[in-house]
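*Asks:* sequence? don't have it. structure:
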C-alpha cells in the first residue's frame, strides 16, 4: 500500500504543470487533537483513545482559489480492549495512526481577509504498533475538512480546520505478536480531528 501512495503522489505532481507550481507553494505545520476510531473485532472492540496529533500540509496553488495538497498527520494513542458490560482493559499497545493523503482545497475570499475553505483528500492510513513487535498495517482512507485561513502578511498566516477521517478496515488478523492477534471484522474506522497551524507561503 505504501508504494501505491508514493505512485499516486508522483502522478498528482506530474499532473500539476510547472507553471501552475510557480503560482505559489504553501507549507503548514499542524498541531491538534484527534478522537474516535474503533476497530470492530470478533470478540472485543479495539478502541483508539483520544490523543494529540501533529502533521504537515504542502499546498501547490493551481488557481487563485484552489490548491492541490499533500497531507500528513500522526497520532500516538493508547489502544484499549472494550467488551460489552466489562470495564475497559489497560492499553494493549501504544498505536501510531498516520494519514498519508493527497487532496484538493477550495477556498472563498470574501472581503475582510478571512478565507473559509473546504478540503477533500484520499490516500492511505498506517496503523503502527509502537511498543510491541507487530507489523504496521496500511489501509485505504479518505478525509473531508472545513476551516478558515487568515494571512497577516503576504507570506505568513494561520489555519484552523475540523476534519472527518475514514479508513476502510477489511477483515483480518491485526497486530499479531507472540502468537497472539486480534481478529477484526470488516468495518470502517472513523475519526474526527481539530487542528491549527502556522502557514508559510512562497510566491
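*Replies:* Arrived safely. The structure displayed is predicted, hence computed values, not measured ones.
*Asks:* From now on I want contacts and neighbour counts done on CA atoms only, so please keep to that.
*Replies:* Will do.
*Asks:* Who does residue 122 form a beta bridge with?
*Replies:* residue 102, residue 142 (DSSP bridges).
*Asks:* partners of the host helix or strand of residue 77 in the sheet?
*Replies:* Element membership of residue 77 [criterion: DSSP states H and E] is strand 66-82. For strand 66-82, the paired strands and their directions (DSSP bridges) read strand 45-48 (antiparallel), strand 51-63 (antiparallel), strand 93-107 (antiparallel).
*Asks:* Could you pull up the mean pLDDT of that strand?
*Replies:* Strand 66-82 shows a mean pLDDT of 92.
*Asks:* contacting residues around the residue nearest to residue 121 when sequence neighbours are not counted?
*Replies:* Leaving aside its sequence neighbours, residue 121 sits nearest to residue 103 (C-alpha to C-alpha, 6 or more residues apart in numbering; 3.8 Å). Residues in contact with residue 103 (C-alpha atoms under 8 Å, 6 or more residues apart in numbering) are 68, 69, 70, 71, 119, 120, 121, 122.
*Asks:* Would you convert the strands paired with strand 66-82 into CSV that also reports mean pLDDT and distance to residue 137?
*Replies:* Below are the strands paired with strand 66-82 laid out as CSV (pLDDT from 0 to 100; distance: least, C-alpha to C-alpha, whole Å):
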stretch, mean pLDDT, distance to residue 137
strand 45-48, 86, 15
strand 51-63, 95, 19
strand 93-107, 93, 10
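*Asks:* and the closest residue to residue 101 other than its chain neighbours, what is it in contact with?
*Replies:* Distance criterion C-alpha to C-alpha, 6+ apart; nearest residue to residue 101, sequence neighbours excluded, is residue 123 at 4.2 Å. Residues near residue 123 by C-alpha under 8 Å, 6+ apart: 5, 99, 100, 101, 102, 140, 141, 142.
*Asks:* Pull up the per-residue confidence for the last one.
*Replies:* I take that to be residue 142. At residue 142, the model reports a pLDDT of 96.
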